[in-house]
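Participant: With the input below, show me the fold.
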Amino acid sequence: MCGIVGVVSNVPVNQLIYDALLLLQHRGQDAAGIVTQQERKFFMHKAKGLVKDVFRTRNMRALPGNCGLGQVRYPTAGNAYSEEEAQPFYVNAPFGIVLVHNGNLTNAHSLKSELFSTDHRHINTESDSEVLLNVLAHEIERTTRGLPLQPDDLFAAVRNVHRRVKGSYSVIALIAGHGVLAFRDPFGIRPLCMGRGDGTVMLASESVALEGTSHTFERNISPGEAVFVDLQGKVYSQQCADHPVLKPCIFEFVYLARPDSVMDTISVYQARLNLGETLAKRVISTVPPNEIDVVIPIPESSRPSAAQLAQLLGLPYREGFVKNRYVGRTFIMPGHAVRKKSVRQKLNVIASEFKGRNVLLVDDSIVRGTTSKEIVQMARDAGARKVYLASAAPPVRYPNVYGIDMPTADELVAHNRTVDEIREIIGCDALIYQDVDGMKKAIGSLNTKLDGFDASCFDGVYVTGDISFDDITRLNENRVNADENEEDTSRLALPNHVD
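Facilitator: Have a look, this model is predicted:
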C-alpha cells in the first residue's frame with residue numbers, strides 16, 4: 001500500500017504535490033519522492049522518511065515545472081531499507097518516463113525474466129514497480145514505433161500492460177514533453193480518483209488529497225481505465241481492459257483509508273459506521289448488553305464503529321486510551337519485539353474508565369494478535385473487572401498479496417484457529433468478530449454497482465484468479481523480513497494513522 005499523486009497545471013506544482021503527499025502520509029511512511037518536469041527535463045528528489053523530513057526548502061526549490069508526480073511508500077516487497085527502491089522510478093526510453101505505483105504485482109518474478117530475455121530490459125532493484133515501469137515503457141515503444149506519441153498509442157500500450165501484468169496496481173506516469181498517464185488494474189483493487197482546480201488536473205489515491213488541496217473531486221478512475229492528461233490540461237480516457245470488474249480491497253474501508261475519503265462512491269466514514277451497526281448484532285448474541293458497563297475504542301480507526309455500536313446497544317461510549325501520535329501502526333512495524341515494545345509507547349490508559357468495570361473494547365481488525373493481547377492486559381492492569389474484545393472486521397486468516405503487509409499465514413493469529421482458541425491467546429473474557437458476509441453487506445450496500453470486493457485476507461478468495469499456495473509461498477519469500485533488521489528498525493519513530 002502506497003499513496004500516489006499526479007498533477008498537470010498552469011503554475012508550478014512542487015508545493016501542491018508536497019501538500020497532497022502530506023494528506024496521503026497515512027498510506028506510506030517509509031519513503032517519499034517527487035518528480036517534476038520543466039522543458040522536457042525531469043527534476044527528482046526522493047529519500048527514506050516522512051514527507052516533512054524528506055523535503056527541505058532547498059529540495060523544493062530544485063523541483064521546478066508545471067507537472068509532476070509524488071509517492072509515499074509503504075513497502076511490502078523488495079528491500080525496505082534501500083533508498084534505491086523509493087519511488088518515482090525512471091527510464092529514459094522511449095521519450096523518458098517516470099512512474100509511481102500503488103499495489104503489488106503477483107507475477108513480477110516471471111515478468112522480470114521476460115523483460116530480460118525477450119524485451120531486453122534491465123531491472124536494477126527488487127521492486128515490482130520498476131518491473132511495471134519497464135513493461136509499460138516496452139509497450140509504449142512497441143505502439144509508437146518511433147513515431148510521435150498520440151493518446152491512442154498510450155491506450156493501446158496500457159491494454160497490453162493489462163494482458164501481461166497480474167495483481168493490483170494503480171499507476172501514474174509522467175511522459176517527458178507529453179503529459180501524465182494514469183491507469184487502474186482491471187479489478188480496481190487499489191483506489192485512484194481525479195479532480196480539478198483552477199487550471200489544474202490532479203490524480204490521487206484518495207479524494208482527501210484533492211479536497212485538502214482545494215480541488216473538486218470529479219470521479220473515480222474505473223477499473224481497467226486509462227486517463228491521459230496532456231500538458232495543456234486536456235483529458236483523454238479509454239477503457240483498456242478486456243473484462244473489467246469493480247472489486248476494490250475491502251480492507252481500505254476497514255482500516256487503510258482516511259475516514260474523510262470517499263472511494264468508489266463509498267464514504268469510508270459511513271462504511272465504518274455500518275460495520276459498527278452489524279457488529280452490534282454480533283455482540284448481542286455473545287455478551288448480553290447488561291453485562292457491559294462501557295464501550296471503549298482502540299484508537300483510531302475503530303472510533304466510528306465503536307460509537308455506532310455503543311449507541312445501538314444503549315451503552316456509554318468513552319475514550320479509555322490516549323494515543324501517542326509519534327509512534328506508527330504496530331501491524332506494519334516489522335519485528336515482533338519492536339511491535340510488542342511499541343504498544344505501550346503508543347497507547348496509555350485512562351485508568352478511571354476501566355477500574356471496576358466490565359469493558360467492551362472495539363478494534364478495527366486483529367491481525368497478529370500481539371497488539372490486542374497487550375491492550376487487553378493494559379485494561380486489566382488498569383482495574384477492569386472483565387475485558388471483552390470486538391473486532392469490526394472478521395478474522396484475518398489468509399495472507400494478502402495485493403499490497404498490504406499481511407504476514408505469512410503462520411503469523412496470523414486467526415489462521416487455523418477457532419475463535420475460542422484466539423480468545424485464549426489474546427486473554428480476553430469474550431471475543432466477538434464481524435462475520436464476512438455481514439462486512440460485505442455493510443459496506444457493499446453503500447454502492448450497489450460494485451461487483452464485489454477483494455476480501456482475500458478474510459475469505460481466502462483472490463479475485464485475480466491466479467494465486468495458488470505456491471504463489472503465496474514465493475511472494476512471501478520477497479516480503480520484507482524485518483525481523484532480521486530489528487536493530488535498525490527499532491529506532492524508527494513513525495507517525496500515526498490520522499483518523
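Participant: pLDDT below threshold where in the protein?
Facilitator: 76-82, 327-342, 407, 474-499 (pLDDT under 70).
Participant: Show me how the record splits it into domains.
Facilitator: By the assignment in automatic domain parsing, the chain contains the domains 3-245, 267-452+468-489.
Participant: And the ones you listed: which comes nearest F253?
Facilitator: Nearest to F253, of all the domains of the chain, is domain 267-452+468-489, at 4.2 Å by CB to CB. C-betas here are computed from N, CA, C, even on glycine.
Participant: those helices in the stretch 301-450 of the chain, which residues are they?
Facilitator: When secondary structure is read from DSSP state H, counting those that start in this stretch, the stretch 301-450 of the chain shows helices at 303-313, 336-346, 370-381, 419-426, 436-444.
Participant: what's the angle from the last one to helix 303-313?
Facilitator: If you take axes from the mean of the first three to the mean of the last three CA atoms, to 10 degrees, helix 436-444 sits at 110 degrees to helix 303-313.
Participant: Quick one: residues in contact with helix 436-444.
Facilitator: 250, 253-254, 266, 271, 274-275, 277-279, 281-282, 393-394, 450, 452-453, 455, 458-459 (CB atoms under 8 Å, 6 or more residues apart in numbering).
Participant: how about a cut-off of 7 Å?
Facilitator: Residues from elsewhere that reach helix 436-444, judged by CB atoms under 7 Å, 6 or more residues apart in numbering: 250, 253, 266, 271, 274-275, 277-278, 393-394, 450, 453, 455, 458-459.
Participant: For the residues you listed, which single residue is the most surrounded?
Facilitator: Counting neighbours by other CB atoms under 10 Å, F253 leads the contacts of helix 436-444 with 29 neighbours.
Participant: what separates that residue from I175, distance-wise?
Facilitator: To I175, F253 is 33 Å away according to CB to CB, to the nearest Å.
Participant: And H415, by the same measure?
Facilitator: 44 Å.
Participant: The two: who's more crowded?
Facilitator: Ranked by neighbour count (other CB under 10 Å), H415 and I175 place I175 first, with 24 against 16.
Participant: Report the beta-bridge partners for that one.
Facilitator: I175 has the following beta-bridge partners by DSSP bridges: I97, G179.
Participant: so who does F453 touch?
Facilitator: Residues in contact with F453 (CB under 7 Å, 6+ apart) are K247, P248, I250, K440, G444.
Participant: I figured the second one was touching I189, is that so?
Facilitator: So that's P248. Yes: using CB atoms under 7 Å, P248 is in contact with I189, at 6.3 Å.
Participant: who touches both of those two?
Facilitator: Here P248 and I189 share the contacting residues D454, scored by CB under 7 Å, 6+ apart.
Participant: From G276, how far out is R164?
Facilitator: Distance from R164 to G276, by CB to CB: 42 Å.
Participant: of those two, who's got more company?
Facilitator: More neighbours surround G276 than the other of R164 and G276, with 27 against 15 (other CB under 10 Å).
Participant: thinking again about what came up before, of the helices of the stretch 301-450 of the chain, which is nearest Q38?
Facilitator: Evaluated over those, closeness to Q38 peaks at helix 336-346, with 41.9 Å, by CB to CB.
Participant: for S267, which residues make a bridge with it?
Facilitator: S267 forms beta bridges with V262, as assigned by DSSP bridges.
Participant: ok, back up a step: pick the most buried one from the domains of the chain.
Facilitator: The highest average neighbour count among these, using mean count of other CB atoms under 10 Å, belongs to domain 3-245 at a mean of 21.
Participant: Compute the first-to-last residue distance for that one.
Facilitator: 22 Å (CA to CA, to the nearest Å).
Participant: Could you do stretch 220-233 as well?
Facilitator: For stretch 220-233, the first-to-last residue distance is 18 Å (CA to CA).
Participant: From the chain's centroid, how far away is it?
Facilitator: Relative to its parent chain, stretch 220-233 has a centroid offset of 21 Å by CA atoms, centre = their mean, to the nearest Å.
Participant: got it, and stretch 304-318?
Facilitator: On the basis of CA atoms, centre = their mean, stretch 304-318 sits 27 Å off its chain's mean C-alpha point.
Participant: re the thing from before, of the domains of the chain, which is nearest S261?
Facilitator: Across those, S261 has its closest neighbour in domain 3-245 (4.1 Å, CB to CB).
Participant: show me where the stretch 351-499 of the chain has strands.
Facilitator: 358-363, 386-391, 430-433 (DSSP state E, counting those that start in this stretch).
Participant: Now do the first one: which elements does it pack against?
Facilitator: By that I understand strand 358-363. strand 294-297, helix 303-313, helix 370-381, strand 386-391 (3 or more CB pairs under 7 Å, 6 or more residues apart in numbering; DSSP states H and E).
Participant: of the ones you listed, which approaches L347 most closely?
Facilitator: That would be helix 370-381 among the helices and strands packed on strand 358-363, by CB to CB, at 6.8 Å.
Participant: relative to helix 419-426, how tilted is the closest one?
Facilitator: Compare the direction of helix 370-381 with that of helix 419-426 by the same axes, to 10 degrees and you get 70 degrees.
Participant: which helices and strands sit right next to helix 370-381?
Facilitator: Applying 3+ CB pairs under 7 Å, 6+ apart, we find helix 370-381 packed against helix 336-346, strand 347-349, strand 358-363, strand 386-391, helix 419-426.
Participant: how about 10 Å then?
Facilitator: strand 321-323, helix 336-346, strand 347-349, strand 358-363, strand 386-391, helix 419-426 (3 or more CB pairs under 10 Å, 6 or more residues apart in numbering; DSSP states H and E).
Participant: and the gap between V5 and T106?
Facilitator: Computed with CB to CB, the distance linking V5 and T106 is 25 Å.
Participant: List the contacts of D260.
Facilitator: With contacts defined as CB atoms under 10 Å, 6 or more residues apart in numbering, the neighbours of D260 are L23, E206, S207, V208, E211, G212, S267, V268, Y269, V498, D499.
Participant: Please apply the same query to R163.
Facilitator: Under the criterion of CB under 10 Å, 6+ apart, the neighbours of R163 are E139, P186, C240, A241, D242.
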